[in-house]
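Asks: Requesting a structural model of the entry that follows:
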Amino acid sequence: LQCLDLSSNRVGPKGGTALAKALEGNRSLLALNARNNAFNNEGVIAFAATVLQNKTLKGLYVGHNHAQEQATRILVDSLLCNRKLSGIDLLGTPLAPGSLHQVCELLHTSPHLEYVA
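Replies: Residues are numbered from 1 along each chain as shown. All right, here's what the predicted structure looks like:
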């Protein structure tokens, strides 16, 4: 399995955390669409940890998950450390000046990125 679309399934924070943990050691999934699942802060922060561990994921789409700015900042921090991702979806995620600055840094220092939303 290389692409998985679980968008709009109301997985919630606990489901998002479980999904993120399952992906940490996954070596085959290249793209995950997990938009609009009400992960809240808990699930989005769990995906931040996954981004640091997973070395095969190329596309991560986690927008519209009801995260607050702090969770967004943690996620973007982890994205700065991952050089494999080429597509990131943060649509509908709050970007305060601090996290917006991080996204700008991500764009500047990550030539491998092909898609950011």
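Asks: any idea where the strands of this protein begin and end?
Replies: 3-5, 31-33, 59-61, 87-89, 115-116 (DSSP state E).
Asks: what are the ranges of the helices in the chain?
Replies: Ranges of helices in the chain, per DSSP state H, are 12-23, 40-53, 69-81, 97-109.
Asks: coming back round to it: which one of the strands of the chain lies closest to A48?
Replies: With C-beta to C-beta as the criterion, A48 lies closest to strand 59-61 of the strands of the chain, at 10.3 Å. The way it works is simple: take the backbone N, C-alpha and C, and place the C-beta from them, glycine included.
Asks: OK, contacts around R83?
Replies: Neighbouring residues of R83 by C-beta atoms under 8 Å, 6 or more residues apart in numbering: S110, H112.
Asks: Relative to L1, how far out is it?
Replies: Going from R83 to L1 by C-beta to C-beta, to the nearest Å gives 23 Å.
Asks: likewise A46?
Replies: According to C-beta to C-beta, A46 and L1 sit 20 Å apart.
Asks: more neighbours, these two?
Replies: A46 (22 against 7; other C-beta atoms under 10 Å).
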